[in-house]
Structure formats: structure tokens, C-alpha cells
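Colleague: A predicted structure for the sequence below; I have some questions about it.
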There are 2 protein chains.
Amino acid sequence: MIDVAVLGLLKEQDLHGYELRKRLGELPGGRTAISFGSLYPALNRLERTGMVKAVEASTRTDRRVPSSASLVGELAAFRARHLPATGGRSKKVYGLTSSGEAHLVELLTDPQPSDDRTFALKVAFCRHLTPAQRLELFERRRAELLARVAERRRGPERSVDRYLRMLRERDDANLSTDLAWLDRLIADETQQMEKHPS
Amino acid sequence: MIDVAVLGLLKEQDLHGYELRKRLGELPGGRTAISFGSLYPALNRLERTGMVKAVEASTRTDRRVPSSASLVGELAAFRARHLPATGGRSKKVYGLTSSGEAHLVELLTDPQPSDDRTFALKVAFCRHLTPAQRLELFERRRAELLARVAERRRGPERSVDRYLRMLRERDDANLSTDLAWLDRLIADETQQMEKHPS
DNA sequence: CGGTCTCTATATCGATTCGATAGGTCGACT
DNA sequence: AGTCGACCTATCGAATCGATATAGAGACCG
């Protein structure tokens, strides 16, 4: 769901559509980029349901420190800091409402299994969860992956086709990698909880 | 694209919608399953454009050897072989036309970059290509993955957030796995071409 | 015998998402 | 002077999904 992405990004900072899409494409998790054809309708929907509201196009929209950006980027940032409301069409800057903030946590802790893209997004914003909620998220994903492994084992069927066999091998390898990665996440989180017990 | 999947499956055997979807879910490549809401409109579209046509609900629709199927499956296969037109609603069995066959090869050799799901489908049916066409498919994919690696290196940005860092690590691991897998495919294919030069 | 469950099978609905495209402003390079 | 690319919002048609309706047949159960 695109909602997780939008609410997660707005949680940290008010943004307008174009910038929202750019940051979405930048964050890891493999192919997170979405099209404007999805984004703008989604923003309208979220505004209609009160999760998000348009804020005044504030001076100082951009708070990022342009640490090692390109020359063009630095110039753009300079302009954004000193010459409000320049460049392009008038921006419509969106901000998260309190009910939007609540909805984000709901989406992040939603127990129904997420597909790969959605899970990646959840991890990307899981810093807004409690350690216990994070552990639950990771454990649920682990269970789901183990179910996939089991399901695959049920029907090996020994394909006659070379390429189908190769595809299966690739799936196995990626599943193993993902499981090992998840185990590392879970171990780290457990350790954190032991060091700082609530 | 769903077309690759449908045409690829029909290339080997005439099938009806329900069975088509079942087999699609069975073949490897991770989450290849599609919904009926996609399949039936797609079948209508393909029929309208002459890629596919409804054939008579022949006796002997099922030619699969029920080698190690479940008991239920064997019974169903037996029935399918001996009692035509039993079970469920009347089937509409689709077959590939010659122009559909040509379109399949076109889709399989289409040089524009495919997303992960589509690439998996292409590999699943690449046995219908010539060795040279297969090599091209694999090499193009390899180039695309290398481009992703390069793009990622351009903006490391050293996230402050632990979970974003972990996501990036996971992406790196999966990319490496995929590249190694692809190299194996390419090496095997090259070897095959040397052994059996055309 | 009836009840109801699962499997087979086709089909459609509304909502979501995508890809392409069309606007429109501005500065930079040629 | 012209055009190129960045920024920025927006919409359209088509593709796809998930849920749901409909329906026949056998299986399981008391």
C-alpha cells in the first residue's frame, strides 16, 4: 500500500508531491518508486479521509543538510532557504495529522501478511514502533517465509526443464538470504531489548 | 505482463482459465500467481486480438502424466480422461493461434528492460527461444543489474537509521546472489553453444 | 436422507496502480 | 534566441487486484 510510504515520509517532515516521490525512489527496499498517477490520487484520498492536510507553503520547506549533494542541488537548496516560493508551479505541501499518525502505526502493526514491497516499506519506517512491535513484525515475516519454504518442499516435482530448475534454485537462494537477514534483525532487536528493558 | 504467462502456458497445451491460473501459481519465480480478475479480462483481450482462440472442449483436455499426484488429483485426471464435460461449470478451453505463437517470441525477445516478475516469466519459457536469443536475454538482464549496483554506489549516504542500513544490506545481498546466478546461466548457455555449434 | 464442505469453474465490480502524457515555471547551456 | 532539463501538479486509459456472485459435482458426516 502506498499509504504506508506517504504517511511514513510525512511523519518526519512536511513535503509536497514531487519531493515525496523522489524520496520514495531513494529509499532502499528495491523498486520502491511509484508513479505520479498513483501518488496524487492517493494524496487526495488521504486528505479526504483526514490523514493528511495541506499546510501553508512554508518558507524553509527543505531542512535537509546538503552534505555532499551536487552543485545544482546545493544551489537549489540555497535558493529554497533564501528565496521562498521560487521555482516551478506553486507547491502544495502536505503534513501529517494526528489521525494520520495513528493510522501509520495501525498499518505498520497490521498482522495480515504483507507482500515483499510492503514489508520493505514497513521496515523502512519501523523506527516509529516500539521494540516489541518491531519484533512481532519481524517474527511474522519469518513465519511467512518459513511457510513458503515448506510449501515449496511439498511439491518439488523435479522439473524436466533446465530453466525451471534454475528458477527454483534462485528462489531457494533468495529465500535463504532473506531468512538469514531476518534472523540477524531479530537477534539484534532481542539484544537491544535485553540491554534496555522497559 | 500477463500475456507472457498465458501464451507461454498455452504454447505447450490447450487449457481453460482455472487450470491456467493453477499452473501459473505452481511455476517458480516467486509470487507468479495472478487473480481471476486479471486472467479472464486478459483472455478476452487475447481472444479479441487473435492471439488465442477457444477450442472445442475436447475429450482428453488433460495430458499430464499423473506421476506422483494426490489421490484426488488422480481421480480427477481419470474422470477427465473418461467422462468428458463433468465437474464444475462448462469449460472454455483456449488454444494458441499461430499469431499468438509469434507474439510470444516477440514478448520473450523484447529488448526493453523487464521488471523482476516479468524476467522470471521470460526465463520460465525461454526454452522456446534459440540459444543465441537466450544469451541475449540473460546478458541484458545482467547489464541491468550491474546498472542498479552502480546507481546504488553513487548514493551511499550512510543512513543514520539502523533499519534503512539493514534494508540496503539486504538489497546488496540479493543483488549479488542474482548476479552470480545469472553468471551461471550465461556460462552454461555459452558452453552449450560451443558443444553444439549451429 | 439432508446438510454442508471443498474443489472445480467462469465472470464481474470497484478500487488501486501504472505508464504516458499534458500542462506550466524557471535557470542553464549553446 | 532557442531549447534543454529540473521542477511541479495533474489526469486519462488500461492493467491488475481482491472480493464476491454463481453454480455443478463429489465427499464427509450424522
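Modeller: Received it, and whenever you're ready, just let me know what you need.

Colleague: scan chain A for its longest helix.
Modeller: helix A:162-195 (DSSP state H).

Colleague: for it, name the packing helices and strands.
Modeller: helix A:131-154, helix B:116-124, helix B:162-195 (3 or more C-beta pairs under 8 Å, 6 or more residues apart in numbering or on different chains; DSSP states H and E). (Glycine included, C-beta is placed from N, CA and C.)

Colleague: pull the helix or strand with minimum mean pLDDT from chain A.
Modeller: helix A:71-82 (a mean of 40; mean pLDDT, DSSP states H and E).

Colleague: what distance do you get for the residue of chain A found nearest DNA strand C to DNA strand D?
Modeller: Residue nearest to DNA strand C within chain A: residue A:37 (2.1 Å; C-beta to the nearest atom of the strand). Here the criterion is C-beta to the nearest atom of the strand, to the nearest Å. By it, residue A:37 lies 4 Å from DNA strand D.

Colleague: residue A:12 now?
Modeller: For residue A:12, the distance to DNA strand D - C-beta to the nearest atom of the strand - is 17 Å.

Colleague: now swap in residue A:42 and tell me
Modeller: Separation of residue A:42 from DNA strand D (C-beta to the nearest atom of the strand) stands at 10 Å.

Colleague: neighbours of that residue, just the number please.
Modeller: 19 (other C-beta atoms under 10 Å in any protein chain shown).

Colleague: tell me the contacts of the spatially closest residue to residue A:146 that is not a sequence neighbour?
Modeller: Take residue A:146 and drop its neighbours on the chain: the residue closest to it by C-beta to C-beta, 6 or more residues apart in numbering or on different chains is residue A:179, 7.5 Å away. By C-beta atoms under 8 Å, 6 or more residues apart in numbering or on different chains, the contact list for residue A:179 reads A:142, A:145, A:146, A:149.

Colleague: please indicate which of those residues are buried?
Modeller: A:142, A:145 (16 or more other C-beta atoms under 10 Å in any protein chain shown).

Colleague: put together TSV for the contacts of residue A:179, with distance to DNA strand C and pLDDT on each row.
Modeller: Compiled in TSV, the contacts of residue A:179 are given as follows (distance: C-beta to the nearest atom of the strand, whole Å; pLDDT from 0 to 100):
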residue	distance to DNA strand C	pLDDT
A:142	24	96
A:145	22	93
A:146	22	93
A:149	21	90
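
Colleague: which of the contacts of residue A:179 sits closest to chain B?
Modeller: Lowest distance from chain B to those (C-beta to the nearest C-beta) belongs to residue A:145, with 11.4 Å.

Colleague: roughly how far apart are that closest one and residue A:189?
Modeller: Distance of residue A:145 to residue A:189, given as C-beta to C-beta, to the nearest Å: 17 Å.

Colleague: tell me the contacts of the residue positioned nearest the centre of chain A?
Modeller: In chain A, the residue lying closest to the centroid (C-alpha atoms, centre = their mean) is residue A:121, at 2.5 Å. Applying C-beta under 8 Å, 6+ apart, we find residue A:121 in contact with A:4, A:5, A:8, A:29, A:32.

Colleague: and residue A:136, by the same measure?
Modeller: Contacts of residue A:136 by C-beta under 8 Å, 6+ apart are residue A:109.

Colleague: re earlier: looking at the contacts of residue A:121, which gets the smallest pLDDT?
Modeller: Note: of the contacts of residue A:121, the lowest pLDDT belongs to residue A:29, at 79.

Colleague: quick check: which element contains that residue?
Modeller: Residue A:29 belongs to no helix or strand when elements are defined using DSSP states H and E.

Colleague: ok, it - how many residues close by?
Modeller: 21.

Colleague: how about the CA coordinates for stretch A:152-167, as PDB?
Modeller: Extracted as PDB, the C-alpha positions of stretch A:152-167 are listed here (Å, rounded to 0.1, in the frame of the first residue of the first chain):
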ATOM      1  CA  ARG A 152       8.000 -25.300  -1.900                       C
ATOM      2  CA  ARG A 153       9.200 -28.600  -0.400                       C
ATOM      3  CA  ARG A 154       5.800 -30.200  -0.700                       C
ATOM      4  CA  GLY A 155       5.900 -30.100  -4.500                       C
ATOM      5  CA  PRO A 156       9.500 -30.500  -5.800                       C
ATOM      6  CA  GLU A 157       8.300 -32.200  -8.900                       C
ATOM      7  CA  ARG A 158      11.800 -32.300 -10.400                       C
ATOM      8  CA  SER A 159      11.100 -30.200 -13.400                       C
ATOM      9  CA  VAL A 160      12.400 -31.600 -16.700                       C
ATOM     10  CA  ASP A 161      13.200 -28.100 -17.900                       C
ATOM     11  CA  ARG A 162      16.600 -26.800 -17.100                       C
ATOM     12  CA  TYR A 163      15.400 -23.200 -16.800                       C
ATOM     13  CA  LEU A 164      12.600 -24.000 -14.500                       C
ATOM     14  CA  ARG A 165      15.100 -25.900 -12.300                       C
ATOM     15  CA  MET A 166      17.400 -22.800 -12.300                       C
ATOM     16  CA  LEU A 167      14.500 -20.500 -11.300                       C
END
